[in-house]
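Colleague: need a 3D model of the sequence below.
(2 chains)
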Amino acid sequence: SAVISQKPSRDICQRGTSLTIQCQVDSQVTMMFWYRQQPGQSLTLIATANQGSEATYESGFVIDKFPISRPNLTFSTLTVSNMSPEDSSIYLCSVVQHQQFFGPGTRLTVL
Amino acid sequence: EDQVTQSPEALRLQEGESSSLNCSYTVSGLRGLFWYRQDPGKGPEFLFTLYSAGEEKEKERLKATLTKKESFLHITAPKPEDSATYLCAVQGTSGGSNYKLTFGKGTLLTVNP
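Modeller: Here you go, the predicted structure:
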């Protein structure tokens, strides 16, 4: 299975600021995904990031709030922009290699 | 819209006390049903994929089964190290990403020694 790392593992940010989360995979993958896990809620897909094309966002998520980059087949970033306390959550990237595997997550707290 | 409901929300067992977790789902067309284990502070760890009703998969003390409406994760003679949140997800054929997983809220399992 793919080995996925994320940076930072956690952060505390002030409202109105932005945070960029990095996801690194140890092998080339076509599709990478970004999920959000809010306290007491289900894991929810934010967007699909394919290398060489624009990210595809799920209903309720927009590019201005969650811009995504996918510069190559092993790396992606998710930016959480103009943050509010409601953005406090765990953000996870995942990849598909026969099955869908998840990174360790980034725990974000917005004050 | 795909939906997943897991029950119970929390389950406390004594070591060796077998039980089952339930995952009820509605999906327009099922590509697959997935079980993950999530430990505190970590990402979900893949356990099983089930594709069609009647299918069963086993791994150590865990056995997953699937019907047309629900899946069960049976835990036989659990140990304290089985304590975790167990997540169920479905992948449907309706709109959106072909790989989109719709998750339930999970069952928090605690196994006491």
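Colleague: what about residue 74, neighbour count?
Modeller: I'll assume chain A. Residue A:74 has 18 neighbours, counted by other Cβ atoms under 10 Å in any protein chain shown. For the C-beta atoms, the positions are set from N, CA and C on the backbone; glycine is no exception.
Colleague: that's the wrong chain, I meant chain B
Modeller: 15.
Colleague: immediately after the helix or strand hosting it, which helix or strand?
Modeller: Using DSSP states H and E, residue B:74 falls within strand B:70-75. Next in sequence after strand B:70-75, counting helices and strands by DSSP H and E, comes strand B:84-92.
Colleague: rounded mean pLDDT for the helix or strand that comes right after that following strand, please.
Modeller: Following strand B:84-92 in sequence order, the next helix or strand is strand B:102-103 (DSSP H and E). Rounded to a whole number, the mean pLDDT of strand B:102-103 is 95.
Colleague: same question for stretch A:49-66.
Modeller: Averaging the model's pLDDT scores along stretch A:49-66 yields 91.
Colleague: go on, stretch A:93-107?
Modeller: 93.
Colleague: quote the end-to-end distance of it.
Modeller: With Cα to Cα, to the nearest Å as the measure, the ends of stretch A:93-107 fall 12 Å from one another.
Colleague: any idea how far residue A:28 is from residue B:72?
Modeller: Distance, residue B:72 to residue A:28, using Cβ to Cβ, to the nearest Å: 36 Å.
Colleague: ok, those two, which is more surrounded?
Modeller: Taking neighbours as other Cβ under 10 Å, residue B:72 and residue A:28 compare with residue B:72 leading, 17 against 12.
Colleague: and the residue nearest to the spatial centre of chain A, which of the three is it?
Modeller: Closest residue to the average C-alpha location of chain A: residue A:34 at 3.7 Å, with Cα atoms, centre = their mean. With DSSP: H, G, I helix; E, B strand; the rest coil as the basis, residue A:34 sits in strand.
Colleague: hey, what's it bridged with?
Modeller: On the basis of DSSP bridges, residue A:34 is bridged to residue A:47, residue A:93.
Colleague: that one: what's it in contact with?
Modeller: A:23, A:45-47, A:49, A:66, A:68, A:76, A:78, A:91-94 (Cβ atoms under 8 Å, 6 or more residues apart in numbering or on different chains).
Colleague: chain A contacts on chain B?
Modeller: B:4, B:34, B:36, B:41-46, B:49, B:87, B:89, B:96-97, B:99-106 (Cβ under 8 Å from any Cβ of the partner chain).
Colleague: how many neighbours does the nearest residue to residue B:43 once chain neighbours are set aside have?
Modeller: Of all residues not flanking residue B:43 in the chain, residue A:102 sits nearest, at 3.8 Å (Cβ to Cβ, 6 or more residues apart in numbering or on different chains). By the measure other Cβ under 10 Å, the count of residues near residue A:102 is 24.
Colleague: just residue B:51 next, same as before
Modeller: 12.
Colleague: around chain B, pick out the residues from chain A.
Modeller: Within reach of chain B by Cβ under 8 Å from any Cβ, chain A has these residues: A:1, A:4, A:31, A:33, A:40-45, A:48, A:56, A:58, A:92, A:94, A:96, A:99-105, A:107.
Colleague: circling back to that earlier point, residues in contact with the strand holding residue B:74: which ones?
Modeller: Counting by Cβ under 8 Å, 6+ apart, B:13, B:18-25, B:33, B:35, B:50, B:61-65, B:82, B:86, B:88, B:109 sit against strand B:70-75.
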